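J.: I'll drop the sequence and a predicted model, then ask my questions.
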There are 4 protein chains.
Amino acid sequence: MHYKVGILGATGTVGQWFVKMLEGHPWFKVKNLAASEKRVGKKYGEEVNWLISQDIPKYARDLEMVPLDPKYFDVDIIFSALPAEVAREVEPIFAKNGFVVASNASAFRMEEDVPLVIPEVNADHLKLIEVQKSVRGWDGFIVTNPNCTTIILVLSLKPLMDFGIKNVRVASMQALSGAGYPGVASLSIFDNIIPFIKNEEEKVESETLKILGKFDGNRIDFAKIKVSASCHRVLVLDGHTEAVWVTFERDVSVEDAIEAFESLKPLQLPTSPEKVIIVRREIDRPQPRLDRDAGKGMSIVVGRVRKSLEKELKYIVLGHNVVRGAAGASILNAELMVKEGYID
Amino acid sequence: MHYKVGILGATGTVGQWFVKMLEGHPWFKVKNLAASEKRVGKKYGEEVNWLISQDIPKYARDLEMVPLDPKYFDVDIIFSALPAEVAREVEPIFAKNGFVVASNASAFRMEEDVPLVIPEVNADHLKLIEVQKSVRGWDGFIVTNPNCTTIILVLSLKPLMDFGIKNVRVASMQALSGAGYPGVASLSIFDNIIPFIKNEEEKVESETLKILGKFDGNRIDFAKIKVSASCHRVLVLDGHTEAVWVTFERDVSVEDAIEAFESLKPLQLPTSPEKVIIVRREIDRPQPRLDRDAGKGMSIVVGRVRKSLEKELKYIVLGHNVVRGAAGASILNAELMVKEGYID
Amino acid sequence: MHYKVGILGATGTVGQWFVKMLEGHPWFKVKNLAASEKRVGKKYGEEVNWLISQDIPKYARDLEMVPLDPKYFDVDIIFSALPAEVAREVEPIFAKNGFVVASNASAFRMEEDVPLVIPEVNADHLKLIEVQKSVRGWDGFIVTNPNCTTIILVLSLKPLMDFGIKNVRVASMQALSGAGYPGVASLSIFDNIIPFIKNEEEKVESETLKILGKFDGNRIDFAKIKVSASCHRVLVLDGHTEAVWVTFERDVSVEDAIEAFESLKPLQLPTSPEKVIIVRREIDRPQPRLDRDAGKGMSIVVGRVRKSLEKELKYIVLGHNVVRGAAGASILNAELMVKEGYID
Amino acid sequence: MHYKVGILGATGTVGQWFVKMLEGHPWFKVKNLAASEKRVGKKYGEEVNWLISQDIPKYARDLEMVPLDPKYFDVDIIFSALPAEVAREVEPIFAKNGFVVASNASAFRMEEDVPLVIPEVNADHLKLIEVQKSVRGWDGFIVTNPNCTTIILVLSLKPLMDFGIKNVRVASMQALSGAGYPGVASLSIFDNIIPFIKNEEEKVESETLKILGKFDGNRIDFAKIKVSASCHRVLVLDGHTEAVWVTFERDVSVEDAIEAFESLKPLQLPTSPEKVIIVRREIDRPQPRLDRDAGKGMSIVVGRVRKSLEKELKYIVLGHNVVRGAAGASILNAELMVKEGYID
């Protein structure tokens, strides 16, 4: 079972993590790396401003970069780490030309016929693929994963859904790597917090409802909960921390919530972590530097589950924003599509 | 109008800010500095590990430190920057001996007969002083100011009270200086967030109700609102940032809230800022490094006031945790007591 | 004694400090602010991404920005915070049109007929102005101040020159603000050191020799010392720290060096600090956060003066890179020119 | 080939790295962990304030901690991460009782009969073991590794020795983890540099001469070079960066130096890196966050080799202070002793 894959936007922060996470992948082999025009024809290793500790994987160093054009790609799957505005132009061209596009970009997430998937949460939303292909008349298709902050939040909400969630408030403390490169100027963020991230709150508040919604055979019936987010950039390298308040229809005990968190099952995919949610009992966890690499960055870590106002619990959830929240999310989606037979 | 004052716990972080803020004060003149036993008899300038940019004020350098014992004090007002457990022992001794104690310590804040005051919010709670003196039979008395996170929050809640607050959720991102010295180890907090501060959430959730309560002639009738706090330490030197959700009895518009914030009047005291609440209209303010020194650290800064869930607003509020949130809070209380005639 | 002044490059980091330092200046009044074309015609307060704690000075907020063209300027002195490549084009046009240009840019620093001045070190190099005007046939002229790292180093070397310096080695640990805005990406510098700053070592090694050289009536006879620099960017907001080794012709005692440092006299100019060099005796000073604001940022602070190899001393020197090292340096030069009669 | 080992000072920063690096070690199996009295009898996993990303190795979690007393140890080798003053008392007791002590403590490094070893530099100094055993009449012995800053420096100097080194100047920028836990207060080091580390310069200046000296059959004949160090603490988690100037007896080209660096051979020991010195050609490397984990933290990384003053080169060298500079150094020494037959 081997598939050839390509990466769009390979030199950015998320692109670099695709390159790194796909090194030695049991199913996927990177064949093509695409970047902006000025880099085309140059070797990846010479062009990329590599920001991840440890060297550029050897396989990628001498790959010559190609344009964002299907005719240069000889692959089965396209991973897209493109900025939204570029993705909006480019991804449909690949899909139309028969490629499977596993995209981390926000451009198509909220389109009616595009699956927005976290494998452990709503794998069945992949059924939208058929709708999409038929509506658009494409040979290929686009499957997206949510925004990083949303993924981490929703993974923690999923096991609580059975208790009847009414609404959710979340304050995020987001890492620098979430803003890409060059991203946030050091002069802006040092000894500081920036209490605003463009479009972030809107994404968390809308994507969550789609992911937690139900596929009714034709479309997604959005979840009937409400989410209010306040998003902040802080001086942390990797790992988004979120303080969450969940109001339920009824009283839910801390113990029941913890049991639910721990019972969320991983799928048996190459990039799946051993545990999807790790619940820490220490009084002061999770912490980004200590917990972001749990499950090689694919687990999320929950802690400080405690009573809040009436019929409400509060807790902290943390995840690696570039691994579980971006590159790893797309890879897991692609693995799921392979397993479910969506890719020949 | 001149009063002699002393400082208990003068070498700690809050103690240092007392020393700094009282330099050149128009009403108060520092006569005695007290510290832990091992420092007694030594000069302040030689013992203190001065951590504030700019030098130790000249007046304080050669002051010889005295023990935490009334007999060494020849002053009218005692400012206390003691840790709670020491304050619990020491402050009553001073009060019993006729001193006015303006305390930043948490030890007595929630006692029934002890005023917990923010001058712009509940100046009339000073009337508890008479109750306290009569109940305890003391010649002096203790007046406290709230916890730093609470002060910043409550200053922003006060102008909203008329709209009918039902409940409040707050996620704090608190500065290093709030933990005192040596406080948080750099190895613990660097590239990290610690999502736990001992007793902090409890303080915010309980003190708020007392401050916003009404004095009924005998005691404080606590405010009938509910508060749920999630407190986090982040890598910022000074300035606590708080993401706040306020649920009202009825719909409140963003414009009405802003108008209310801006109409909170400063008192005419030496340490009062020109504006109590500064509302910033920029999309990404307040930010701790840029806004903590507003009004010489005595203003709080509100921004991003926006609609949330039904009958709910959310906003960011920021204040200087050691100035408005600690030393400046006690000084303002003392100034208020002078003005109101509580100190001969 | 009042002069009208203009600022070129007013929206950058150094430009902002010009705006701030000139607020309420006793001799200079800012009339014009110039910035890049896209900002022309807009109000300064609406265009600048103000990064200095505390607000934009009121006088500057509503100033309409003008192009980098002399005909828009009605001033006596031009302060230039332009990037080198722009300065190379623009500054001569101003000088040709009769303006006095006090420039922080590197473009002309090493030109034979351009004074490179630190008032306390080589005020007499201003005599090059006559040479410059006669050689170039300009009505105005350009006077430059050195690179920030160089200024701080040379101020500490000047008092040691009488002992006979042979050579100097310096390792700098430079602040983020030295790179301007957006400057260094947070992802690049967080939890990191960048041991390279473009052209910086070359500037330190060459400018030092010119400043410490002698004006022979016609040109500068460069100092016969050698300098070897290693420059590094570190995670500090403001303040460059430098570890210096000075090898002398003969043995120099620590006491003699300290005495020399402390005897460097300030000029009596509005922006002069009370002490040019502050020598700290504590074992662990100077430190950027605690010492960069000494003398309102115009003093440099020396510490840890100690014996090194044979006939060698080592010490730490620190200064505020944007105040003493840039905006304040140009302002001090302009003040000196006024005092010395170079400006009508 | 299996040896049982114990760790003294197992809960500190270096102790934790011993625990981590010895997990799954092919030759060594951890049997006993010792810590200060108050922790004795408790489980390691419950007592340690684990600060390394990823969890406490499973093997260590339930180990019951024992006192610093030989009678509780059933091992062949003792790794010591004790503070110097405790090591001075305790290590001789273990050596006297027949244990091989591989110590990271500074207590005995400069003793005449104690080997101070970096395997790739002076493996033959182990011959001092016989001298030590005979002089002291011990059944066991103590072998030490140098201070972290020294190890990184000396590994880079070793290949240059053949060119004839006269003297060395080094400015270090040292990581937080080098100060242990709690170590440096965040309030002290944030937005700051501390240009002083107690005893550090003395260690670098003296230990270097011993390590680079020659064993003459009886004692070490110290190297005839001179070293002058200036040591600074900066805001970096792990990884010491050093700016080095080396003055030679003769002209040495950059190319020859690089060739020498790259020709330093690793020993074939389990913890040996593939390359001892990695030379980076990029203009801005090495950088601590990107390079400290090279060779799993056991390589050092050199960059920016360039001409300086006459007969002088300068360069940057970087290494992981806790891995190559402490725990890994002791482990490598123990592996060398096993290979050389010093341990039965």
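T.: Good, I have the coordinates.
J.: can you map out the helices along the stretch 51-200 of chain A?
T.: Assigned by DSSP state H, counting those that start in this stretch, the helices in the stretch 51-200 of chain A fall at A:58-61, A:84-96, A:119-122, A:128-136, A:148-157, A:186-189, A:200-211.
J.: just how off-centre is the second one within its chain?
T.: The one in question is helix A:84-96. Distance, stretch centre to chain centre, for helix A:84-96: 18 Å (Cα atoms, centre = their mean, to the nearest Å).
J.: show me what counts as buried in that helix.
T.: Using 16 or more other Cβ atoms under 10 Å in any protein chain shown as the test for burial, helix A:84-96 gives A:86-87, A:90-92, A:94-95. Bear in mind the C-beta positions are built from the backbone N, C-alpha and C, glycine included.
J.: mind saving the C-alpha coords of it as PDB?
T.: Only the C-alpha atoms of helix A:84-96 are listed here, as PDB (Å, rounded to 0.1, in the frame of the first residue of the first chain):
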ATOM      1  CA  ALA A  84      -6.300  30.600   2.100                       C
ATOM      2  CA  GLU A  85      -6.300  33.100  -0.800                       C
ATOM      3  CA  VAL A  86      -3.900  31.000  -2.900                       C
ATOM      4  CA  ALA A  87      -5.700  27.800  -1.900                       C
ATOM      5  CA  ARG A  88      -9.000  29.200  -3.200                       C
ATOM      6  CA  GLU A  89      -7.500  29.500  -6.700                       C
ATOM      7  CA  VAL A  90      -5.200  26.500  -6.800                       C
ATOM      8  CA  GLU A  91      -6.900  23.600  -4.900                       C
ATOM      9  CA  PRO A  92      -9.900  23.300  -7.300                       C
ATOM     10  CA  ILE A  93      -7.600  23.000 -10.300                       C
ATOM     11  CA  PHE A  94      -5.900  20.000  -8.700                       C
ATOM     12  CA  ALA A  95      -9.300  18.500  -7.700                       C
ATOM     13  CA  LYS A  96     -10.700  19.000 -11.200                       C
END
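J.: now do that helix: everything it contacts.
T.: Identification of contacts with helix A:84-96 by Cβ atoms under 8 Å, 6 or more residues apart in numbering or on different chains yields A:8-9, A:68-70, A:73, A:78, A:80, A:82, A:101, A:103, A:105-108, A:136, A:138-142.
J.: can you tell me which of these end up in strands?
T.: Members of these lying in strands (criterion: DSSP state E): A:8, A:78, A:80, A:101, A:103, A:141-142.
J.: wait, does the least confident helix or strand in chain A by mean pLDDT contact chain D?
T.: Using mean pLDDT, DSSP states H and E, the weakest-scoring helix or strand in chain A turns out to be helix A:44-47, at a mean of 94. No. Residues of helix A:44-47 are not located near chain D by Cβ under 8 Å from any Cβ of the partner chain, the shortest gap being 10.8 Å.
J.: which residues touch the closest residue in space to A:Ala179 that isn't next to it in sequence?
T.: Distances taken as Cβ to Cβ, 6 or more residues apart in numbering or on different chains place A:Arg233 nearest to A:Ala179, at 6.9 Å, with adjacent residues excluded. By Cβ under 8 Å, 6+ apart, the contact list for A:Arg233 reads A:174, A:176, A:178-179, A:184, A:189, A:193-197.
J.: and A:Tyr3, by the same measure?
T.: Shown in contact with A:Tyr3 (Cβ under 8 Å, 6+ apart): A:27-29, A:75-77, A:338, A:343.
J.: what subset of these is buried?
T.: When the contacts of A:Tyr3 are checked for burial by 16+ other Cβ under 10 Å, the buried set is A:27-28, A:75-77, A:338, A:343.
J.: thinking again about what came up before, closest to A:Ile225 out of the helices of the stretch 51-200 of chain A?
T.: helix A:200-211 (6.8 Å; Cβ to Cβ).
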